[in-house]
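Undergrad: build me a structure from this.
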Amino acid sequence: MAIKYALLALLSVQDQSASQLRHGFQEATGEIWPLNIGQVAQTLTRLERDGLIYEASTTHSNNGREVQLYSITEEGRSTLEQWWHTPTLHTGLERDELVTKIALAAGRGDVDLLRLLDSQRAGVVEKLRALHRENRTLPDTRTAKKLLYERRIFDLEAEARWLDRVEALAPHNAEGAWP
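TA: So this is what the prediction gives:
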């Protein structure tokens, strides 16, 4: 996820300092995505450079240090609004180690492709069981952690179905049979 949009979303509610933004991000995501203050500072610099935020004022932190408060600009609000309504899609063209492994193994006589698929399927099932166990301990609310677990479960279920489909596809070797 682009930190840029998370910070814009937080600033759309109220002016905040870098440390307040970091805290707000950690609170919103349930601390499942670590964010250090350096990342926040770098992103704020870029957002300001791009005209999406500005230094609104200064205030004093709990330890008495003077800190900058940032505010979102109209252009920043427009950018955020576009982000809210733009689908987040995977291109499908990302490198995928499993696809590469299966494609390389499919044409070789010295690799047992069915064993490779079974091994992968067993790993998926094991991870699914663990995620289901952990997921049952979470409240049924839209927290970042719950959403992440649910997403990962659906992804793994899809991977298991895909492995079944790969097994059902015609072999890719000269003999026309599984190696």
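Undergrad: leaving out the residues flanking it, which one is nearest to L35?
TA: In this structure, L35 finds its nearest non-sequential neighbour in F25, 5.1 Å apart by C-beta to C-beta, 6 or more residues apart in numbering. C-beta coordinates here come from the backbone N, C-alpha and C atoms, glycine included.
Undergrad: pull the CA atoms of whichever strand or helix holds the one you found into PDB?
TA: Per DSSP states H and E, F25 falls inside helix 18-29. Provided in PDB are the C-alpha atoms of helix 18-29 (Å, rounded to 0.1, in the frame of the first residue of the first chain):
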ATOM      1  CA  ALA A  18       4.500  13.400  11.600                       C
ATOM      2  CA  SER A  19       4.400  11.400  14.900                       C
ATOM      3  CA  GLN A  20       0.600  11.800  15.100                       C
ATOM      4  CA  LEU A  21       0.300  10.500  11.500                       C
ATOM      5  CA  ARG A  22       2.500   7.500  12.300                       C
ATOM      6  CA  HIS A  23       0.400   6.700  15.400                       C
ATOM      7  CA  GLY A  24      -2.800   7.100  13.400                       C
ATOM      8  CA  PHE A  25      -1.500   4.800  10.800                       C
ATOM      9  CA  GLN A  26      -0.500   2.200  13.300                       C
ATOM     10  CA  GLU A  27      -3.900   2.500  15.100                       C
ATOM     11  CA  ALA A  28      -5.800   2.200  11.800                       C
ATOM     12  CA  THR A  29      -3.900  -0.900  10.600                       C
END
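Undergrad: list the helices and strands that helix packs on?
TA: Contact analysis of helix 18-29 by 3 or more C-beta pairs under 8 Å, 6 or more residues apart in numbering; DSSP states H and E lists helix 3-11, helix 37-49, strand 66-72 as its packing neighbours.
Undergrad: okay, buried residues for stretch 132-139 please.
TA: Using 16 or more other C-beta atoms under 10 Å as the test for burial, stretch 132-139 gives N135.
Undergrad: so for that stretch, mean pLDDT?
TA: In this model, stretch 132-139 has an average pLDDT of 96.
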